[in-house]
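> Let's see this in three dimensions:
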Amino acid sequence: MAENEDLTPEFDISRPTIARVYDAILGGKDNFAADREGRDAYVKYVPNAKDVALDNREGLRKGVEYIANHGVDQFLDIGAGLPTMQNTHQIAQAVNPDATVVYVDNDPIVLAHGRALLATNKSTTIVTADLRDPQSILNNKEVQENIDFTRPIGLMVVGLHMHFHDDEQPDEWVRVLLDACPSGSYLLITDFVDTGEPLQKAIEQAGLESLGNGWIRTPERIREHFLGLPLVDDKIDFIPRWFPGEPEKEVPAVEDIEPWHKIMMGGIGYKA
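Numbering: from 1, shown residues only. Presented below is the predicted three-dimensional model:
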């Protein structure tokens, strides 16, 4: 086998993937015609789709900063997608330069591009695995080498639940991963929400047309993603209103935020 041959896996460019459509929405370059068609479906229904994607990144930033500032120095980021701006390792390592981050994604192009970009960062790695097979994540050699499951972990499932129907029971996949995390760990989640806003239904239609998935859920259902963990500040919220651990922040009223800012909610659970 040629050196680094394993870093250039084969991938299908004829069908859109979550990671590459998301990259296209954000204006990235690691996407193909099928992915840009998927992006166009999102923009057709939600012209501010890029703002929704940026909300998801902002939810990631807020969550990682909170977790890192509370002493956690290792993160397992499931469904990480292609590197964009303010990635998990950059946020965590700005708080603690020694923080370790393992990215997990099932899109081979994420592995190829991610490893090239992370070649000089010895505390960060990326592996190809799938949330639908959580035990394969836990059994992955690189995950085991980089994550110490005897110490608190920041488990991240950001912008991923919406891509699985409840009939698939994605919460049970997350439960396998959470069960492997010790006390003191955190679970960070963002998801599409359904509070009756028209654009929420539009983003669902866009997802179904673009990727064949992308369901919205009530806030009560999103709370169930946390598997009974107590929530930081005892709530989930729209990303512009969500400031975990910062009760002194002036929170804008729901009616004062733009409709596209009411598509995603975020929250953090704590494993005591």
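> use CA for all of it now, contacts and neighbours both
OK.
> and residue 120, how many neighbours does it have?
For residue 120, the count of nearby residues is 9 (other Cα atoms under 10 Å).
> got the contact list for the residue nearest in space to the middle of the chain?
With distances taken as Cα atoms, centre = their mean, the residue of the chain nearest its centroid is residue 158 (2.2 Å). Taking Cα atoms under 8 Å, 6 or more residues apart in numbering as the criterion, residue 158 is in contact with 56, 60, 77-80, 188-191.
> Next, give phi and psi for it.
Residue 158 adopts backbone torsions of phi -100, psi 120, taken as degrees, to the nearest 10.
> Check which helix or strand residue 248 maps to.
Following DSSP states H and E, one finds residue 248 outside all helices and strands.
> which residues in the chain form strands?
For the chain, applying DSSP state E gives strands covering 74-78, 100-105, 124-128, 154-158, 186-192, 237-238, 264-270.
> for this structure, what's the longest helix?
When the chain is parsed with DSSP state H, its longest helix is helix 49-69.
> Any buried residues in it, and which?
Neighbour counts over helix 49-69 (16 or more other Cα atoms under 10 Å) mark 49-50, 52-68 as buried.
> for stretch 200-217, same thing?
Buried residues in stretch 200-217, counted by 16+ other Cα under 10 Å: 200-208, 210-211, 213-217.
> Rounded mean pLDDT for that stretch, please.
Averaging pLDDT along stretch 200-217 yields 97.
> and that stretch, how far out from the chain's middle?
17 Å (Cα atoms, centre = their mean, to the nearest Å).
> And the helix or strand of the chain with the lowest mean pLDDT, what does it pack against?
Every helix and strand of the chain was ranked by mean pLDDT, DSSP states H and E. The lowest is helix 108-117, at a mean of 78. With contacts taken as 3 or more Cα pairs under 8 Å, 6 or more residues apart in numbering; DSSP states H and E, helix 108-117 sits against strand 124-128.
> and the strand it packs on, how far from the chain's centre?
Its chain's C-alpha centre and that of strand 124-128 lie 14 Å apart, by Cα atoms, centre = their mean.
> Could you do stretch 98-111 as well?
11 Å.
> contacts for that stretch?
By Cα under 8 Å, 6+ apart, stretch 98-111 touches 7-11, 17, 19, 72-83, 88-89, 92-93, 123-130, 137, 143, 146-147.
> I'd like the contacts of residue 158 as JSON lines, with pLDDT and distance to residue 151 appended.
Shown next, in JSON lines, are the contacts of residue 158 (pLDDT from 0 to 100; distance: Cα to Cα, whole Å):
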{"residue": "56", "pLDDT": "96", "distance to residue 151": "27"}
{"residue": "60", "pLDDT": "97", "distance to residue 151": "21"}
{"residue": "77", "pLDDT": "97", "distance to residue 151": "16"}
{"residue": "78", "pLDDT": "98", "distance to residue 151": "18"}
{"residue": "79", "pLDDT": "94", "distance to residue 151": "22"}
{"residue": "80", "pLDDT": "89", "distance to residue 151": "22"}
{"residue": "188", "pLDDT": "98", "distance to residue 151": "17"}
{"residue": "189", "pLDDT": "98", "distance to residue 151": "20"}
{"residue": "190", "pLDDT": "98", "distance to residue 151": "24"}
{"residue": "191", "pLDDT": "98", "distance to residue 151": "27"}
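> quick one: which of these has the most company?
In those, the most neighbours by other Cα under 10 Å go to residue 190, 29 neighbours.
> hang on, that residue packs against residue 157?
Yes: using Cα atoms under 8 Å, residue 190 is in contact with residue 157, at 7.1 Å.
> contacting residues for the residue lying closest to residue 154 once chain neighbours are set aside?
Using Cα to Cα, 6 or more residues apart in numbering and skipping the chain neighbours, the partner closest in space to residue 154 is residue 75 (4.5 Å). The contact partners of residue 75, by Cα under 8 Å, 6+ apart, come to 99-102, 147, 153-156.
> Pipe those into TSV and attach distance to residue 269 per row.
Listed next are those as TSV, based on distance: Cα to Cα, whole Å:
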residue	distance to residue 269
99	20
100	20
101	19
102	20
147	19
153	12
154	10
155	10
156	10
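> Okay then, goodbye and thanks.
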